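Asks: I need the structure of the sequence given here:
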Amino acid sequence: MTDPKRIISTALHGYGAENQKVKCIEELSELQKEICKDLIGQGSRFHVAEEIADTEILLAQMKVHYGIAKDVDAIKAQKLKQLAQKLNLESDEYEE
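Replies: Prediction:
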């Protein structure tokens, strides 16, 4: 299988950053719609999973475009630490 990082980079550069920004917003909206459908009992686990996957792929492209992958990882770790503290969890229970 082709390296996922290569696919992400090729898609971003091939389709163009501006187009992929719009696509990212669309995918976020589709995920929102599927979660809302689930809240009213009309959802599908498969459709939610599909939209999460699509969204994660576009978010990965945004991290490459903005050059912020390491920043996102650091912020995510800090926010997980804060959440663990709020939940009274051990600090090593949430580390990836």
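Asks: can you tell me the helix or strand for the spatially most central residue of the chain?
Replies: What sits nearest the mean C-alpha location of the chain, by Cα atoms, centre = their mean, is Glu56, with 3.3 Å. In the assignment (DSSP states H and E), Glu56 maps to helix 45-66.
Asks: For that helix, buried residues please.
Replies: 47, 51, 54-55, 57-58, 60-65 (16 or more other Cβ atoms under 10 Å). Yep, even glycine has a C-beta here, placed from its N, CA and C like the rest.
Asks: Distance from that helix to the middle of the chain?
Replies: 5 Å (Cα atoms, centre = their mean, to the nearest Å).
Asks: Ok, stretch 44-62 next?
Replies: Per Cα atoms, centre = their mean, the centroid offset for stretch 44-62 relative to its chain is 7 Å.
Asks: again with stretch 6-22
Replies: 15 Å.
Asks: Flag every buried residue along that stretch.
Replies: 8, 11-12, 20.
Asks: returning to what we had before: between whichever helix or strand comes after the helix holding Glu56 and helix 45-66, what angle do the directions make?
Replies: Note on helix 45-66: by DSSP H and E, the next helix or strand toward the C-terminus is helix 69-86. Per axes from the mean of the first three to the mean of the last three Cα atoms, to 10 degrees, the angle that helix 69-86 makes with helix 45-66 is 130 degrees.
Asks: Dump helix 69-86 to PDB, keeping only the CA atoms.
Replies: The C-alpha atoms that make up helix 69-86 are tabulated as PDB, following Å, rounded to 0.1, in the frame of the first residue of the first chain:
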ATOM      1  CA  ALA A  69       1.400  18.700  12.700                       C
ATOM      2  CA  LYS A  70       3.900  18.900  15.700                       C
ATOM      3  CA  ASP A  71       2.000  21.900  17.100                       C
ATOM      4  CA  VAL A  72      -1.300  20.000  16.900                       C
ATOM      5  CA  ASP A  73       0.300  17.000  18.600                       C
ATOM      6  CA  ALA A  74       1.700  19.100  21.400                       C
ATOM      7  CA  ILE A  75      -1.600  21.000  21.900                       C
ATOM      8  CA  LYS A  76      -3.600  17.700  21.800                       C
ATOM      9  CA  ALA A  77      -1.300  16.200  24.500                       C
ATOM     10  CA  GLN A  78      -1.700  19.300  26.700                       C
ATOM     11  CA  LYS A  79      -5.500  19.200  26.300                       C
ATOM     12  CA  LEU A  80      -5.600  15.500  27.000                       C
ATOM     13  CA  LYS A  81      -3.600  16.100  30.200                       C
ATOM     14  CA  GLN A  82      -6.000  18.800  31.300                       C
ATOM     15  CA  LEU A  83      -9.000  16.500  30.600                       C
ATOM     16  CA  ALA A  84      -7.400  13.700  32.500                       C
ATOM     17  CA  GLN A  85      -6.900  16.000  35.500                       C
ATOM     18  CA  LYS A  86     -10.600  17.100  35.300                       C
END
